[in-house]
Each structure stands twice: as C-alpha cells, then as structure tokens.
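In: my questions concern the predicted model and sequence given below.
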Amino acid sequence: MNRLRNSTSPYLLQHADNPVDWWPWCDEAFAEAARRDVPVMLSVGYAACHWCHVMAHESFEDPQTAALVNSRVVAVKVDREERPDVDAVYMTATQAMTGQGGWPMTVFMTPDREPFFCGTYFPRGNFSQLVLNISRAWREQREDVADRAKQIVAALAENVSATARALRDDGPGGARLTLAGHGFGDGLGEGSGVGLGDDQTGARFREVADAAVTALDRGYDGQQGGFGGAPKFPPSMVLEFLLRYHQRTGSSHALRMADGSCEAMARGGMYDQLGGGFARYSVDASWVVPHFEKMLYDNALLARVYLNLWRRTGSELARRVAEETCDWMLRELGTGEGGFAASLDADSEGEEGKFYVWRPAELRTVLGPDDGEFAIRVFGVTERGTFEHGASVLQRRTDPEDAGRLARVRSALLAARASRVRPARDDKVVAAWNGLAIAAFAEAGLLLGRPDFIAAAHDAAALLAAVHLADGRLIRTSRDGIAGGASAEGAAAGGAAAGDAAPGSSSTADGAAGGPAGVLEDYACVAEGFLTLSGVTGEARWMTLAGELLEVALAAFGDGAGGFYDTAADGEPMIFRPAEPADNATPSGTFAVAAALLSYSALAGSARHREAAAAALGVLPAIAARYPRAAGTGLAVAEAWLAGPAEIAVVGSPADERTRALHETALRAATPGAVLALGDGTEAAVPLLTGRGLVDGAPAAYVCRQFTCLAPVTTPEQLRKALTVPS
C-alpha cells in the first residue's frame with residue numbers, strides 16, 4: 001500500500017514505491033499495530049543521508065526482507081527534517097540505550113509509542129534476524145517487553161526533567177542517561193545561574209566567555225584547524241562566538257582559532273573548490289575527504305561566519321568564500337517559489353561523491369596536458385588518489401600566482417562537471433533553515449554590494465510569510481509552494497483500505513494549514529531572519545512579523561521558569577516533551593530564541609523581551625562549562641548582550657548615496673549582535689526610529705544602547721568612531 005505518495009517530503013517519496021508497507025507517522029499506524037497486535041518499527045532518516053540509502057537498497061527495496069517486515073511489524077517512516085520532534089524523542093532513546101546515535105535510526109516500540117529496542121543502520125542479514133527476534137520476543141516475552149518499554153519511557157522523562165533542573169540551577173545533576181542502571185552522569189558545573197540584573201548578568205557572561213575560550217583553546221587543533229579529531233564538523237556557532245569575543249577583548253587566541261579553522265576548511269576538500277559550498281563534515285582530521293552531502297543550514301551559517309571574518313580582518317579568502325557560498329546556495333538550492341531547498345545528496349549514480357571527485361587523466365582530458373598538470377598541482381590531485389578507487393577530492397591549499405589561469409581552469413572544470421549525473425536535491429523548504437539563509441543573504445547583500453542577495457532574502461521571507469505562516473503559527477516545511485508533511489489523506493486512504501480508523505483521525509502535529517507544526521528553532525530562526533531583513537531593507541513589516549512569532553514562542557514554548565521546550569504546549573503529545581538547549585548541527589532553539597528576543601528588545605525598546613533573553617540564557621553557564629562546543633550560539637548571544645547590543649538607526653532617503661554609505665558602514669563596523677533600523681525620517685514604524693530625524697537636512701545615524709543614544713552623526717567616519725565608544 002503506497003501511503004507515502006502524497007507526502008511533500010522527498011525522503012518519504014523515495015520510499016513510496018518500496019515493497020515495505022510504509023505508514024507515515026500518524027494515529028492510524030499505531031491503531032493498526034494495536035489491531036494486529038504487533039510492534040511498530042520506526043525508521044527515521046533524511047533525503048541526503050548516505051547510509052539511509054544503503055539500508056534502503058539492501059533491505060527496504062528487497063521483496064523478501066519487505067515481506068518479513070510487513071508480516072511482523074507495522075513500519076513507520078519519518079523524515080527527521082520534517083519531524084524533528086519525533087526524531088529528537090527517539091534519538092534520545094537510541095543514544096541512551098546504545099551509547100550512540102545516527103541515521104538511519106531504527107526503533108521498535110509498542111503501539112503506545114513506547115520504545116523497547118533502538119539502533120541505527122543494520123545490514124540486511126542482521127536486520128532480518130533482528131525483525132525475527134523482535135517478533136519472537138513480542139509473542140513470547142510480552143510482559144517483559146512491555147515492562148522494559150515503560151521503564152525506558154519513565155527514565156527518559158525523568159532524565160529530561162532532571163537535566164532541565166540541573167542546567168537551570170547550574171548545580172549537580174546529569175545530562176547523560178545510562179538506562180542500564182537508570183542513573184545519571186556527572187555534574188555540569190558550579191556557580192549561580194544568570195538572571196539578577198544587567199551588572200551581575202554581564203559579569204557572569206564575561207566569566208563564562210573567558211572560561212569557554214580557555215577550554216576551546218585546549219581542544220583546538222593548531223595544525224589542522226577545528227576542534228578535536230576525526231570526523232570534523234564545521235564549528236559554525238563556535239566560530240561566530242570567537243569572532244565576537246575577539247572583537248570585544250582583542251584576544252589573539254580567539255582570532256587564531258577562528259581564522260585558522262576557517263582557512264583550513266576553505267582550503268580543504270570539504271569546500272567545493274569549483275562550485276562553492278560546504279559539505280556536511282570531513283571524515284578525516286585534515287578536512288581532505290568530506291561526507292559529500294551539502295546542507296542549507298551549514299552553508300547559511302558558514303556564509304555569515306566568513307562574512308564576519310572578512311569584516312574583522314579584511315581577509316580576501318574569507319570574502320571570496322562568503323560570496324561563493326551565497327552564490328552556490330542561490331544557484332543550487334534556490335527554489336522556483338523563492339525559498340531554499342534543504343540539501344543535496346551525497347550520492348549520484350549510487351556512489352558517494354562521484355559527482356565531485358577527479359582523477360589525473362580526467363583533468364588532462366578536459367584541460368589539455370599543460371592546464372591539466374597545472375590543475376593537478378593546484379588542486380592536490382594524485383595518481384593514488386585521496387578518496388576511493390584512485391579518485392581525489394579537490395583541495396586548494398595555496399593560491400597560484402596566475403589568478404587568471406586558475407579562473408579559466410575552474411570554469412572549464414565546472415562546465416565539464418555539469419555533464420555528470422548530479423546528486424539528488426531535497427527541495428522541501430524548512431522554515432528554520434530558510435530563516436538562517438535570510439539573515440546571511442541580507443547581510444551579505446548589503447556588505448558585498450550584491451542587491452541580488454538582498455532580493456533572494458526578501459523572496460525567501462515572502463515565501464515563509466505567505467506559505468509557512470497561518471493563523472499566527474508557523475508550519476515547518478513546504479514543497480512547491482504548498483505547506484505540508486506526511487499526508488493525512490494518504491494515511492487515511494491506506495488505513496481505510498486495511499480496515500483502519502476513519503479518515504480525518506490522523507494526528508500529525510499539523511499546523512494551521514495541514515503541515516508539520518513549527519518547532520522552537522523555526523520560530524527563533526525565522527524571527528531572527530526577519531529582523532535582519534528589516535534592518536537591511538527598511539521594511540518594518542518584517543520586524544512586526546518577528547514580534548508576533550516571538551510572542552508565540554514565549555506563550556507556547558516557554559517552560560514557566562525562563563527556559564523553553566522545543567515543541568509547543570498544544571502540539572502532538574509525545575512520550576516526553578523534548579527540550580534540548582545545547583547546539584547541535586544547528587543553533588539550539590533555546591539559544592536561537594534568546595538571540596531573536598535580544599535583537600527584538602533592542603529594536604523595540606522592550607525590557608520584557610530583554611529579560612526573556614537573559615532568562616533563556618540561564619542554561620548557558622552549565623552547558624559552556626561542560627561542553628563549550630555545544631554552547632556557541634549562547635556564547636555569541638552573551639557577547640551581544642555585553643556589547644549592548646548596539647542599536648543603530650540610519651535615517652535618510654534610500655536614494656541618497658550618503659544614506660547608503662551610512663547604512664553599509666553601520667553593518668560593516670557593527671559591534672557584536674548590533675541591530676539596524678533604516679528609515680526615511682517620515683515615519684517610525686520601528687520604535688528605534690521614533691524621534692530620529694535628519695540632521696540639517698542630511699542623512700544621519702544614531703548609535704544607541706538600551707535606547708540611550710549618542711549624538712547623531714552624518715559621515716561614515718563619525719559612525720565608525722561612535723561604534724567604538726563603550727556602552
């Protein structure tokens with residue numbers, strides 16, 4: 001039964017024709033498991049996941065294996081990017097029960113959604129035996145299985161509650177669950193939490209930031225850049241913090257870590273030396289061989305990091321990479337509706353990285369003998385290869401003197417590569433990741449003189465406002481301009497055919513327009529993107545929408561103690577309500593909403609939003625003390641707090657070159673987390689612009705902190721000086 005056919009998730013559609021009788025995540029699936037008296041097998045992955053493809057080819061596309069699955073369990077398929085709430089809950093269980101996690105994630109649970117066995121990838125033989133063992137245990141040891149499942153759920157729920165208390169109190173407790181003994185891990189740090197007042201808060205933030213830089217320095221790879229060993233992930237949020245910390249303190253250590261990591265990543269194989277854009281991570285410690293999938297969120301975050309590195313140091317490498325990365329996102333991930341697609345696959349023609357790698361003979365064939373040898377040297381291609389089967393991933397460890405020749409060679413290779421079979425694209429639009437892209441494109445457009453980037457940010461914001469925002473609530477995903485997720489219609493139709501519950505009883509955590517409900521990171525990142533776009537374009541509607549989203553975040557996601565859950569109070573009930581305040585591959589919802597609240601407070605002059613931002617950062621000391629690499633966003637927000645943040649109002653006609661010069665200078669010279677407001681002096685839809693006018697008929701800029709302003713300035717030089725004045 002093809003129940004996935006109406007999904008808007010490319011990942012689910014990849015499995016729509018499997019012989020496995022897949023269900024989307026819905027009430028009907030669990031009702032069917034109860035009716036048949038069998039367990040539920042949950043399989044979670046995403047479209048660009050290499051090992052998800054491997055397991056699909058080995059097991060889910062195999063008729064014999066599929067027949068076994070269909071006879072013994074109810075199989076549920078979930079796109080982790082579309083339903084991060086489901087993924088978070090059962091990944092927590094998987095990590096707790098096995099000590100590790102990853103995708104594809106494979107979870108066996110009761111019809112009451114209680115997990116009792118978890119794992120990740122299983123080869124076909126192992127997987128088939130596992131299904132048989134699970135089925136046998138379900139039939140012969142039901143009471144033990146059910147008891148184990150209930151104990152696991154109770155332990156998970158208690159651990160989440162205890163961890164939240166420990167992080168909030170910055171006292172003893174544990175964030176690592178060991179189900180074998182139902183115990184907790186080590187303490188998370190010492191000291192008191194944040195929240196008594198600006199002076200005490202600022203002092204605590206300085207202490208936390210200093211300690212974090214010291215800890216990061218200990219884990220920094222001085223030879224290869226980045227932190228720790230293989231595999232190496234781009235530490236985007238940490239790099240943003242280090243750049244802000246350097247700007248405030250002048251720390252050479254912080255700049256060395258940020259600059260060294262950025263250069264190493266940009267010169268290695270993780271960065272596409274022909275087309276731009278970063279792969280998900282490096283499998284080695286030297287950034288040579290990537291895991292080839294490319295994600296929107298990584299590139300949006302890194303584009304902003306490299307842009308800010310250029311702002312601080314003038315690095316031409318950083319400027320080039322920032323611009324190329326934005327060009328890549330626009331070219332490769334831009335959708336016809338104006339948004340940005342989620343990812344590009346790691347594989348093409350069934351092989352990982354085949355689209356990107358080269359052999360010496362291929363370079364000579366495309367370029368001729370002379371330019372071929374030049375490319376071999378410049379891009380580090382060897383006869384033995386740096387990847388598999390004699391192929392090399394292109395690197396660019398140094399820049400050749402002949403820049404013109406390099407440009408010609410790159411152009412020729414890019415054109416030749418275009419004839420290869422391209423990796424598949426997951427073209428669903430994820431609200432949070434588009435929010436990250438909007439912020440990056442808006443700032444890059446203003447700083448780099450690229451109006452097409454600003455237009456791209458505007459188009460993406462318009463899509464989110466028109467398609468993802470309904471009745472004041474965000475829908476997480478859309479595809480082809482239609483909000484949606486796993487189709488309730490498809491599930492109901494399949495269920496009716498099997499004698500299940502009537503259509504319309506599906507529970508998919510739907511938003512107002514039938515799509516998967518936005519989670520905290522969606523509200524936070526979209527709000528931040530809208531605020532950035534408002535400051536770049538002068539369109540106040542984006543600030544208004546951001547304020548509305550933040551009100552929902554405060555009301556529906558707050559935990560009553562200043563922290564946040566990742567799902568809304570009125571969302572689909574899960575076995576526990578996820579709340580992960582630490583960064584992962586993307587900024588945590590808690591830290592991201594703190595950033596948006598602080599930015600909004602600076603534009604609106606709202607003490608309530610400022611206090612909410614400080615409260616959200618109450619978990620920062622504990623997380624930063626235990627694992628600073630998971631606290632980069634929170635530390636960056638703390639730096640914004642310490643800088644004010646600066647509130648910069650630019651007033652003048654948009655057509656006046658003097659206005660444009662002040663506007664660009666405001667962002668170029670901005671202190672950490674500074675907010676911009678742009679107006680023509682005739683209205684004040686943004687509170688920061690109220691009472692700010694021209695000076696003797698000339699465009700002017702006002703630098704304020706908590707709505708206390710310096711005297712207005714009228715030249716870029718004066719503005720740069722004003723932005724160096726301490727608060």
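Out: Received the coordinates, thanks. As the structure is a computational prediction, the values presented were derived from the model and not from experiment. Numbers count the residues shown, from 1 in each chain.
In: in the sheet, who's paired with residue 341?
Out: Here residue 341 sits in beta bridges with residue 429, as judged by DSSP bridges.
In: that one and residue 296 touch, don't they?
Out: Yes. Counting by C-beta atoms under 8 Å, residue 341 does reach residue 296; the two are 6.7 Å apart. Bear in mind the C-beta positions are built from the backbone N, C-alpha and C, glycine included.
In: out of those two, which sits in the busier spot?
Out: Higher neighbour count among residue 341 and residue 296: residue 296, with 26 against 22, using other C-beta atoms under 10 Å.
In: starting at the chain centroid, how far to stretch 134-143?
Out: Centroid separation between stretch 134-143 and its chain, computed with C-alpha atoms, centre = their mean, to the nearest Å, is 39 Å.
In: err, stretch 203-222, not the other one
Out: Taking C-alpha atoms, centre = their mean, one finds stretch 203-222 lying 23 Å from the centre of the chain it belongs to.
In: returning to that earlier point: what touches both of residue 341 and residue 296?
Out: Shared contacts of residue 341 and residue 296, defined by C-beta atoms under 8 Å, 6 or more residues apart in numbering, are found at residue 333.
In: the stretch 101-250 of the chain: helices as residue ranges?
Out: Remark: helices assigned in the stretch 101-250 of the chain by DSSP state H, counting those that start in this stretch are 124-140, 142-169, 198-219, 236-249.
In: make a markdown table out of those helices and add mean neighbour count, mean pLDDT and distance to residue 290.
Out: Listed next are these as a markdown table, based on neighbours: other C-beta atoms under 10 Å; pLDDT from 0 to 100; distance: least, C-beta to C-beta, whole Å:
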| stretch | mean neighbour count | mean pLDDT | distance to residue 290 |
| --- | --- | --- | --- |
| helix 124-140 | 15 | 96 | 27 |
| helix 142-169 | 17 | 87 | 33 |
| helix 198-219 | 17 | 94 | 21 |
| helix 236-249 | 25 | 98 | 15 |
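In: residue ranges with poor pLDDT in the stretch 451-600 of the chain?
Out: Within the stretch 451-600 of the chain, the stretches with pLDDT under 70 are 485-514.
In: contacts only, for the closest residue to residue 706 other than its chain neighbours.
Out: Excluding the flanking residues, the one nearest residue 706 by C-beta to C-beta, 6 or more residues apart in numbering is residue 644, at 7.0 Å. Contact analysis of residue 644 by C-beta under 8 Å, 6+ apart lists 602, 671, 673-674, 705-706, 727.
In: out of those residues, which end up buried?
Out: Burial by neighbour count, 16 or more other C-beta atoms under 10 Å: within the contacts of residue 644 this picks out 602, 671, 673-674, 705.
In: spatially central residue in the chain, please.
Out: What sits nearest the mean C-alpha location of the chain, by C-alpha atoms, centre = their mean, is residue 586, with 3.1 Å.
In: circling back: pLDDT wise, what is the residue nearest to residue 706 at?
Out: pLDDT for residue 644: 94.
In: for it, which three-state class applies?
Out: Of the three states, residue 644 takes coil according to DSSP: H, G, I helix; E, B strand; the rest coil.
In: what's the distance between it and residue 359?
Out: Distance of residue 644 to residue 359, computed by C-beta to C-beta, to the nearest Å: 54 Å.
In: go on, residue 345?
Out: Distance, residue 345 to residue 359, by C-beta to C-beta: 22 Å.
In: in terms of neighbours, single out the busier of those two.
Out: Neighbour tally, residue 345 and residue 359, criterion other C-beta under 10 Å: the higher count belongs to residue 345, 23 against 18.
In: next up, the contacts around the more buried one.
Out: By C-beta under 8 Å, 6+ apart, the contact list for residue 345 reads 47-48, 53, 293, 423-426.
In: hang on, the earlier thing: which of the buried ones among the contacts of residue 644 sits closest to residue 272?
Out: Residue 272 lies nearest to residue 673 out of the buried ones among the contacts of residue 644, by C-beta to C-beta, at 30.4 Å.
In: neighbours of residue 402, just the number please.
Out: Neighbours of residue 402 under the rule other C-beta under 10 Å: 12.
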